[in-house]
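J.: what's the 3D shape of this:
(2 chains)
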Number of protein chains: 2
Amino acid sequence: MTDLNNMGQKAQDAAFELGQLGSKVKNAALLQMANSLVLNTKQIIEANKEDYENAQKNGMKKAMLDRLLLTPDRINDMADSLRQVVDLPDPIGKIDRGWETVSGLDITQERVPLGVIGMIYEARPNVTVDAAGLCFKAGNAVILRGGKEAINSNIALSETLRQALKEVGINSNAVQLIDDVSHETAQKMMELTDYIDVLIPRGSGKFIKMVVDKSKVPIIETGAGNCHIFVDKDADLDKALKIIINAKVQRPSVCNAAEKVVLHKDIANQFLPDLYDALRANSVEVRGDILCRAIVPDIVPATKDDWNTEYDDYIIAIKIVDSLDDAIKHINKYNTKHSEAIITENYSASRKFMKQIDAAVVYTNASTRFTDGQQFGFGAEIGISTQKLHARGPMGANELTTTKYLVQGDGQIRK
Amino acid sequence: MTDLNNMGQKAQDAAFELGQLGSKVKNAALLQMANSLVLNTKQIIEANKEDYENAQKNGMKKAMLDRLLLTPDRINDMADSLRQVVDLPDPIGKIDRGWETVSGLDITQERVPLGVIGMIYEARPNVTVDAAGLCFKAGNAVILRGGKEAINSNIALSETLRQALKEVGINSNAVQLIDDVSHETAQKMMELTDYIDVLIPRGSGKFIKMVVDKSKVPIIETGAGNCHIFVDKDADLDKALKIIINAKVQRPSVCNAAEKVVLHKDIANQFLPDLYDALRANSVEVRGDILCRAIVPDIVPATKDDWNTEYDDYIIAIKIVDSLDDAIKHINKYNTKHSEAIITENYSASRKFMKQIDAAVVYTNASTRFTDGQQFGFGAEIGISTQKLHARGPMGANELTTTKYLVQGDGQIRK
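T.: Numbers count the residues shown, from 1 in each chain, chains lettered A, B, ... in the order given. This next block holds a predicted model:
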C-alpha cells in the first residue's frame, strides 16, 4: 500500500517551498505545465485509451464514457485553462486588514496558502489538471486521488505536470497522485490529518456524502444543487419563461441547473400552460402538485420525495404557493443552499427574497446557471461550496488560501 | 434522552428570525441579558453552590474549583462582557466585495450569520454567557453543551438569558442549553449535521481532540498552543528576557503562554545564565538540550517528548540552534500553529521569520500572550482557532459569520 505519511511529508515540504515563491515564478511554472500537456498529447491519449477500453468492457454508461474520453482538443482545453490561471491575480500576500492596538502593536492580516490540499474525485481526468493548477497558483501542494476508471490517464497527466515543475526547478512534490486506487488508501487519505489541511471531494452527491461521513480531515462540501426558481405575482413572464428554460435545459446534469419551479398563485393560471408547453417542447418531464394539475391535467403528480430530489436530468417539479412568504418558507425547507432565484419586477419582493433565502447565491431575474467560477469572473473554479464554513459558492484561487496575523512590536509584554 | 432534532429545528427557526433583526434590536437584547444576569445573581450563585459542593465532594483540583466558582463580582464581569459585545460593530450586512460581470450581472458578497452554532465545552460556566452573547451579536442561534460539573450553573445562566430574550420579544430558542450531560447526547450533538452549521469545542487539548475525532458536524479547532520564542543573534537581550518571562509566567495555564525558547548559538553563552536565573526566580522548571546544559549544568535534561509538549505549567524547555533557518525549521516542525515570536533588531531576520513561520500569529519583539480577542481589539472572543479553514487566530463576532452572493440581473440567461 502507498505510504501516505511519506507522501504527506513530501507534500508539506513542497508546500513550505511553494509558500515562498513569487507570482512570476509560479506563473512560469504554470505555463510550462500547459506546454508540457500539449507536447505529451500522444502519451496522454494512449494512457486514456487504456482507461476508455477498460470502462467500455466494464459497461460504463455513454454519458460517463464521454466524460472520461480525452482528445487532442480536450488536452488543449486543459492547457488553456492553466494559461487562464496564469492571468488570475495571485491571492497570496494580500493584506486583508491591518491596525494598531492600544498596546502599540501593529497587526496585519495577510493571505497565505492553506498548505496541503487533498482532492478526492471520481472519473473526470480534467479535475487532475484543473485542481493542480489552481492549488499551485495559491501556493499549495496538492495530493490527488482520482477514480480507478481514470487511473492511467491521471498518472500520465500528473507525471506530465511533475516533469514540467522539475524543468523549471520547482519541487515536483507540489503535485502528487495516489496511484493506489483501493478503498483502504482512500480511507487512509481521509484520516491524514497530520499532513492534509483540507480535503475537497468532487463527484456525485452520493460520493460526496460518503467523504463527508468518513473524513477526519476538514472538508469543503461541494456540489449538491436542488435549485428553485420562484415566479412572483409581479414577474415579467417572458423573462420568467426564458430563465426557467435556460436554467433547466441548457445543461441539466450540473448542480446549478434548476430542479424546481415555485409559482405565485396569482399568475399560475396564466403562466403555467405556457411554461408547461415550453418545457415539454424541450423534452422535459413536468411534475407538479395538485394545484398545478388542476390547471394542466397532463402534469405528472409530484410525490413528497420530488421536493427533495436533485434530478440532474430533463425533469422538473412545480409547486403553487399563496404568497412570497410561503415561497421563501418552501425553498428554505427543501433547498440545498446552492442557488435560488426570484423572477419579479417588484422591488420589495426582490429585497425580501434576497435577504431571507438561505443559499450560497440568490438571484433576482437571472438564471441559476450563472453560479460558476468562470461566470463569476474567477477564471477557474475548484468547485462550488454548499457549506457555510470557510468558503461559500464558487471557489477560485482566493478560497484556497488562509490568513496569518503578523504582529510587530518593540518589546511589548502583557500587563 | 433530550430530543436533539427538535432542539435543532427550534434553533434553526430562531436563527431565521435572528437573521432578520437589525443591530439596534440585537443590542437592546444583549443589554437586557446583561441586566438580567445581575438581577438574578442570587439564584445563579445558589445553583453554582450546588455544583461547587458536588465538585469538592468529587475531589476536583483547586485550580479547577476556582474556575467553576461564581461570585457576585464574576457575574458582574459576565454582564460587563455582554455590554462590551453591544459596543462591537455588527458584522452582519457588511459588503465584502462587489462587481459587475461581463454578462451584466451585479454581484455583491454580503456577510450573513452562520445559522446555528454548537458550543461544546468543559467546566467554566462563563463560556455559557460569552458564547451566547457573541453568537447572538452575529445573528446566530446557539446550542450549548457544557460540562456536567457546571450543569446547575449553566441551567441558571441560560434560563436567565432566555428569559431576557422573551422580555424583549425575541425567540428565546436563540439560546438553548442541552441539560442532559450524558456522553450519548454529546455524541448525538456531534452528529447533528442537519441542524448545526459549526461546532466549536472549548476545553483541554484532550477534550478538543476527542471532539475533532468524533464530530461529523464541521468544527473549528481551538486552543492547543506549543508556543516558541526565538532569541536571534541580533536580539536586544533585555527585551528578550522581559518577553520570555512575561510569556511564560504571567499566566502559564493558557494556550498563548510560551512553552519553548530557541536560542541562537551566538548569544547563548551570554544570555542563557541570565535567562536561567530569571526563570528560576519565577519558580519555572528549566529543561534544555545538551548544549544548554554545557552552559548551565543545573538545567534539567529535555527529552524528545518535551519538544512536542504543551506544559500549561511553570515549566519551559530551551534549545540552542546554529542559525535562523534551523530555528524556523525546528519551530515549524514542533509548533501547534498557534503563536510564535522572534526577538531581534535585525530587519531581514524579522522579515524571514514572519514570512516562513506557519502559525496563526507571528510576532517580532512582543509577547505571545497578546494572541487574544480582547488584546487584538475584537472586544471578546469565542476561542483561538488553530486550524486553517474558515478562521485562524482569535475569533470574534466577525468569524461567526459566512457570506452570501446576491446577484441582480434583468433577464440574463447563460449562453
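J.: By mean pLDDT, flag the weakest helix or strand of chain A.
T.: Scoring the helices and strands of chain A by mean pLDDT, DSSP states H and E places helix A:62-68 at the bottom, with a mean of 86.
J.: which residues are contacting the helix or strand following that one?
T.: For helix A:62-68, the following helix or strand on the C-terminal side (DSSP states H and E) is helix A:72-87. For helix A:72-87, the external contacting residues (Cβ atoms under 8 Å, 6 or more residues apart in numbering or on different chains) are A:27, A:30-31, A:33-35, A:37-38, A:41, A:44-45, A:126, A:129-130, A:133-134, A:137, A:157, A:379-380, A:397. Every residue, glycine included, has its C-beta placed from N, CA and C.
J.: Generate a PyMOL selection restricted to the buried subset of those.
T.: Selecting the buried subset of the contacts of helix A:72-87 in PyMOL, with 16 or more other Cβ atoms under 10 Å in any protein chain shown as the burial test, is done by:
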select buried, chain A and resi 27+30+31+33+34+37+41+44+45+126+129+130+133+134+137+157+379+380+397
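J.: So which of the contacts of helix A:72-87 are in helices?
T.: A:27, A:30-31, A:33-35, A:37-38, A:41, A:44-45, A:126, A:129-130, A:133-134, A:137, A:157 (DSSP state H).
J.: Flag every residue of the stretch 101-250 of chain A that's near chain B.
T.: A:101-103, A:105, A:107, A:114-115, A:193, A:197-198, A:212-213, A:216, A:218-220, A:236, A:238-239, A:242-243, A:246-247, A:250 (Cβ under 8 Å from any Cβ of the partner chain).
J.: Can you flag the buried ones in these?
T.: Using 16+ other Cβ under 10 Å, the buried members of those are A:101, A:105, A:107, A:114-115, A:193, A:197-198, A:212, A:216, A:218-220, A:236, A:239, A:242-243, A:246-247, A:250.
J.: For the stretch 201-350 of chain A, give me the ranges with low pLDDT.
T.: The stretch 201-350 of chain A contains no residues with pLDDT under 70.
J.: cutoff 90 now
T.: Low-confidence segments of the stretch 201-350 of chain A (pLDDT under 90): A:203-206, A:208-209, A:212-213, A:221-224, A:252-254, A:312.
J.: and the residue of it nearest chain B?
T.: A:N246 (3.6 Å; Cβ to the nearest Cβ).
J.: Quick one: residues contacting A:V407.
T.: By Cβ under 8 Å, 6+ apart, the neighbours of A:V407 are A:L105, A:D106, A:I107, B:V361, B:V362, B:Y363, B:T364, B:A366, B:F370.
J.: Actually, A:A47.
T.: A:N152, A:S153, A:I155, A:A156.
J.: which one of those has the most neighbours?
T.: Taking other Cβ atoms under 10 Å in any protein chain shown as the neighbour criterion, A:S153 ranks highest of the contacts of A:A47 with 27 neighbours.
J.: Ramachandran angles for A:H228?
T.: phi -110, psi 150 (degrees, to the nearest 10).
J.: Quickly note the distance from it to A:I357.
T.: 9 Å (Cβ to Cβ, to the nearest Å).
J.: okay, these two: which has more neighbours?
T.: Using other Cβ under 10 Å as the criterion, A:H228 and A:I357 rank with A:H228 on top: 27 against 24.
J.: about what we covered before: which neighbours do A:H228 and A:I357 have in common?
T.: Here A:H228 and A:I357 have A:I331, A:N335, A:E340 as joint contacts, going by Cβ under 8 Å, 6+ apart.
J.: The first one - how many residues pack around it?
T.: Right, the one you point to is A:I331. So A:I331, with other Cβ under 10 Å, has 28 neighbours.
J.: now A:G411
T.: Other residues within reach of A:G411, judged by other Cβ under 10 Å, total 16.
J.: again, but for A:R124
T.: 19.
J.: So it belongs to a helix, correct?
T.: No. Assessed with DSSP: H, G, I helix; E, B strand; the rest coil, A:R124 is coil; it does not lie in a helix.
J.: Might one say that it is in contact with A:R67?
T.: Yes. Contact criterion Cβ atoms under 8 Å: A:R124 and A:R67 qualify, at 5.1 Å.
J.: Give me the three-state assignment for the residue nearest to A:A366 when sequence neighbours are not counted.
T.: Spatially, and ignoring its direct neighbours in sequence, A:A366 is nearest to B:G409 (3.0 Å; Cβ to Cβ, 6 or more residues apart in numbering or on different chains). Secondary structure for B:G409, judged by three-state DSSP, is strand.
J.: mind checking how far B:G409 is from A:I357?
T.: Going from B:G409 to A:I357 by Cβ to Cβ gives 15 Å.
J.: Compute the number of surrounding residues for the closest residue to A:M189 other than its chain neighbours.
T.: Computed as Cβ to Cβ, 6+ apart, the closest residue to A:M189 that is not its neighbour in sequence is A:R145, at 5.6 Å. By other Cβ under 10 Å, 24 other residues sit near A:R145.
J.: dump the residue contacts of A:R145.
T.: A:G118, A:M119, A:I120, A:Y121, A:L177, A:I178, A:V181, A:T185, A:A186, A:M189.
J.: rerun at 10 Å
T.: Contact analysis of A:R145 by Cβ atoms under 10 Å, 6 or more residues apart in numbering or on different chains lists A:2, A:4, A:118-121, A:154, A:176-181, A:185-186, A:188-190, A:199, A:201.
J.: these two touch, right, A:E191 and A:V211?
T.: No. With contact defined as Cβ atoms under 10 Å, A:E191 does not reach A:V211; the gap is 11.9 Å.
J.: my guess is A:A380 meets A:K137, correct?
T.: Yes. Between A:A380 and A:K137 there is a contact under Cβ under 10 Å: 8.5 Å.
J.: Mind listing the shared neighbours of these two?
T.: A:L82, A:V85, A:L88, A:G396, A:A397.
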